[in-house]
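Engineer: The sequence and its predicted three-dimensional model are supplied below.
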Amino acid sequence: MGAGSGSGAAAVAAAGAVGAAVVAVYAGTLPPGLPGGDAGELITAAYELGVAHPPGYPLFTLLAGLAMRLLPGGAAAGRVNLLCAVLGAAAAALLFYTVLRLSGSYAGGILAAGVFSFSRLTWQWSITAEVFSLNNLFVGLLMALTVHFEEASTAKERSKIARLGAFCCGLSLCNQHTIVLYIACIVPWVLFLLFRKMELSLGHLLKLGLCFLAGLLPYLYLPASSYLNRARWTWGDQTTFQGFLTHFLREEYGTFNLAKSESGSSMREMLVFQLEQMRSELSLPVLVLALIACFSTALPIKQQKSPVICLFAGMLCVYSLFFAWRANLDVTKPLFLGVVERFWMQSNVAVAVLAGLGLAALMSLGGAVLQGSRVLPWLEWLSAGALVAAQVWANYRDCDQSNNYIVDKFARNLLSSMPMGAVILLRGDLPGNALRYLHYVEGVRPDITLVDQEMMTYEWYLPKLAKHLPGVHFPGNRWNPVEGILPDGTLVFNLHHFLKANKHKEVFVCIGLHEGDSTWRRSYSLWPWGTCEKLVPTDAVFDPGEWIRLTRNLYNWTEEYGSFKPSSWEAVANEEMWQARMKTAFFIFGLAETASVPAEMKSQLYTLAYTLYKEIVSSHPHHPVNWHKNYAIACERMLRLHRVGEDPEVLLSETVKHFLLYTQKAEDDPQRQDILQAVNHLQKELQGLRGMKAELKRQAG
């Protein structure tokens, strides 16, 4: 098929049909409730008409706010999930349209749209309330406009498309800033073509600049929301130019970085991981087709759109190299890999489009060799259909989130476990974003107050949000381990002073306390409360039996251990809930290990910890690996107590058994060899004990 033969109303109608098919599949796999990651914070910011984390995502915030108010039925999170599915399907339609206009191949367009939309990564992030499907939409839109511009036949048409493209470039930056790397490739290319055709005047350049600025208008939402200050959850103070710039440039994370104060993988390692991810996500045949598209520009065949193919390939290279250079996270860690791989979707868009063009080029080459062959069109459709069907088949099960309530259940369990009027000091994305969503958007536990530990260290947090935290007293304007007055006049306070000012409240931390401030240790202790911990005055008397009773059935958690992908938020939530079962036993055991505990109390604590460990381990055959080690140590301590009623042989046998199970499953533990040596000694002790028992039995007989 010749390039451009898919133009006109037929191409638009076909693209619409592709988008409808994709959204139909997506709709059947939508999570009904809250997903993990940033979704809780993004939905809460949209619901409250606040500002999301840097760079603010004003366009997504406004669209999500409209979706919650206009789309029918379900939880607020489910409605924003649906919005993202529609945006993802629109991206698929644009990829189809781009390939069709470039190559005239309907099969190539379906290949590009299908392999990208139904890859695990794209599918997973197109059905959750995140900014990635909107970014994919803009990438597809800029590609489609680029093709339109290249094939425009008149100066008037080129000028019109250039102005629309400039507006879309600005608008796309109101979402995810990584798209600037594609814009940095497209804009010089467009300007060069206009210059070469002598259509680039100063006036035209000024109009393009104004169109670009018009696309950035949604950013006015940030200072407007910040000025009104009605949102119970918002991020930053954009009422000043410096505050706006700090947010826009992501200075609190580190401009052009993914995270603050993280040392990541090397550039080479990042590129290797990305290439492997492309292979697993899009398949090897798709990568080969993308390479064929690139090589086809140099072949002596009729190829009118070679400059556009070269541009798309250049965009892919620029983005991949720059991102690998600046992505400062360690991708060898599953959770960090899960964070990084989301940004590889943008490069996967270009690969999918090139693959569609590669399929069309391959058929053109085949047509030149086998002129008049009727087999080639069937082969083209069969190849596209098979590759897309393989994507759906491989990924449907993993991407079907229609029964996924994990993060929602995690947050509800945490909130329901809290006493009336509690204050929760939040830390981390999982508890922070999930609890914020349920508390502010769905109105769960309005009696509780949520205070973000990390945000308290920012100068804007308390001036903006303290009024929305009733009943909590802040003895200053900012949290800082070193109390006093800063040079700019800001009164800072530490955690010790904060707890003193709120001694009338029950204060909990989820999950963990900020490492930089240990002043709370002066007068408080941390007692386990499921996944969270309670800050208790040091003069309070710890009753282990009562605490076991209080924390034994805090949560209703029935998920199997290890049933989620390690890089997913569901796996993190599940891990936290499983480890929560062991925390009280671990705490009591830790108390018994302290030298200051009297011998009688030490014996009682060891016994309680051992009994609790035994009960938990025996109740859950498939459990976290560290439970084996903890239980084995508890058995060994009980053995040394020589308590009446406990069989030394059973204790020794259990110690050896669970230490061995631990060393088999935790091969990366640096203490593994020491443990194995200890097991050696314990096995000899066990053999001696059994021999002595056998001898006594023989003598008694």
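Structural biologist: Perfect, I can see it now. Numbering: from 1, shown residues only.
Engineer: so what's the backbone phi/psi at Leu426?
Structural biologist: phi -80, psi 150 (degrees, to the nearest 10).
Engineer: Could you list the low-pLDDT ranges of the stretch 201-350 of the chain?
Structural biologist: 254-263, 300-304 (pLDDT under 70).
Engineer: hey, where'd the helices end up in it?
Structural biologist: 202-215, 221-228, 241-248, 267-282, 284-296, 306-326, 334-341, 345-369 (DSSP state H, counting those that start in this stretch).
Engineer: Between those, which one is closest to Tyr26.
Structural biologist: Closest approach to Tyr26 among the helices of the stretch 201-350 of the chain (C-beta to C-beta): helix 345-369, 14.8 Å. Every C-beta, even on glycine, is put in place using the N, C-alpha and C of the backbone.
Engineer: In terms of secondary structure, what does that closest one contact?
Structural biologist: helix 76-103, helix 106-117, helix 120-126, helix 132-151, helix 267-282, helix 284-296, helix 306-326, helix 375-399 (3 or more C-beta pairs under 8 Å, 6 or more residues apart in numbering; DSSP states H and E).
Engineer: Can you classify Ser153 as helix, strand or coil?
Structural biologist: Put simply, Ser153 is coil when judged by DSSP: H, G, I helix; E, B strand; the rest coil.
Engineer: C-terminal to the lowest-mean-pLDDT helix or strand in the chain, what's the next element?
Structural biologist: Ranked by mean pLDDT, DSSP states H and E, the weakest helix or strand in the chain is strand 484-485, scoring a mean of 80. As assigned by DSSP states H and E, the chain's next helix or strand after strand 484-485 is strand 491-493.
Engineer: list the buried ones in that next one?
Structural biologist: Of all the residues in strand 491-493, those buried under the rule 16 or more other C-beta atoms under 10 Å are Val492, Phe493.
Engineer: Parallel or antiparallel, which strands does that strand pair with?
Structural biologist: strand 478-479 (parallel), strand 484-485 (antiparallel) (DSSP bridges).
Engineer: can you put the ones you listed in JSON lines and add mean neighbour count?
Structural biologist: Output for the strands paired with strand 491-493, formatted as JSON lines (neighbours: other C-beta atoms under 10 Å):
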{"stretch": "strand 478-479", "mean neighbour count": "22"}
{"stretch": "strand 484-485", "mean neighbour count": "11"}
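Engineer: Columns distance to Glu649 on top of the ones you listed, output as JSON lines?
Structural biologist: Shown next, in JSON lines, are the strands paired with strand 491-493 (distance: least, C-beta to C-beta, whole Å):
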{"stretch": "strand 478-479", "distance to Glu649": "54"}
{"stretch": "strand 484-485", "distance to Glu649": "61"}
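Engineer: Can you say which of those strands is nearest to Glu560?
Structural biologist: Per C-beta to C-beta, nearest to Glu560 of the strands paired with strand 491-493: strand 478-479, 39.1 Å.
Engineer: tell me the mean pLDDT over the closest one?
Structural biologist: The pLDDT scores in strand 478-479 average 89.
Engineer: that older thread, with respect to burial, which of the helices of the stretch 201-350 of the chain scores highest?
Structural biologist: Compared across the helices of the stretch 201-350 of the chain, helix 345-369 shows the largest average neighbour count, a mean of 24 (mean count of other C-beta atoms under 10 Å).
Engineer: Can you give the distance from it to the centre of its chain?
Structural biologist: 31 Å (C-alpha atoms, centre = their mean, to the nearest Å).
Engineer: swap in stretch 21-37?
Structural biologist: 16 Å.
Engineer: gap between the two ends of it?
Structural biologist: Distance between the two ends of stretch 21-37: 27 Å, counting by C-alpha to C-alpha, to the nearest Å.
Engineer: Could you list the residues in contact with stretch 197-214?
Structural biologist: For stretch 197-214, the surrounding residues in contact (C-beta atoms under 8 Å, 6 or more residues apart in numbering) are Ala155, Arg158, Ser159, Ala162, Arg163, Leu164, Ala166, Phe167, Cys169, Gly170, Leu191, Leu194.
Engineer: and if we set it to 10 Å?
Structural biologist: 155-156, 158-159, 162-171, 173, 183, 187, 190-195 (C-beta atoms under 10 Å, 6 or more residues apart in numbering).
Engineer: Could you do stretch 689-700 as well?
Structural biologist: Outside stretch 689-700, the residues that touch it by C-beta under 10 Å, 6+ apart are Leu639, Asp647, Pro648, Glu649, Leu651, Leu652, Ser653.
Engineer: Just the buried residues of that stretch, please?
Structural biologist: By neighbour count on 16+ other C-beta under 10 Å, the buried set for stretch 689-700 is Leu689.
Engineer: now do stretch 658-671
Structural biologist: Here stretch 658-671 shows His658, Phe659, Leu660, Leu661, Tyr662, Thr663 as buried, counting by 16+ other C-beta under 10 Å.
Engineer: could you flag which of the contacts of stretch 197-214 are buried?
Structural biologist: The neighbour-count test (16+ other C-beta under 10 Å) marks 158-159, 162-171, 173, 183, 187, 190, 193-194 as buried among the contacts of stretch 197-214.
Engineer: re earlier: right, so of the helices of the stretch 201-350 of the chain, which gets closest to Glu130?
Structural biologist: Of these, the one closest to Glu130 (C-beta to C-beta) turns out to be helix 345-369, at 10.6 Å.
Engineer: just for the chain, where's the confidence low?
Structural biologist: 1-7, 254-263, 300-304, 368-373, 644, 701.
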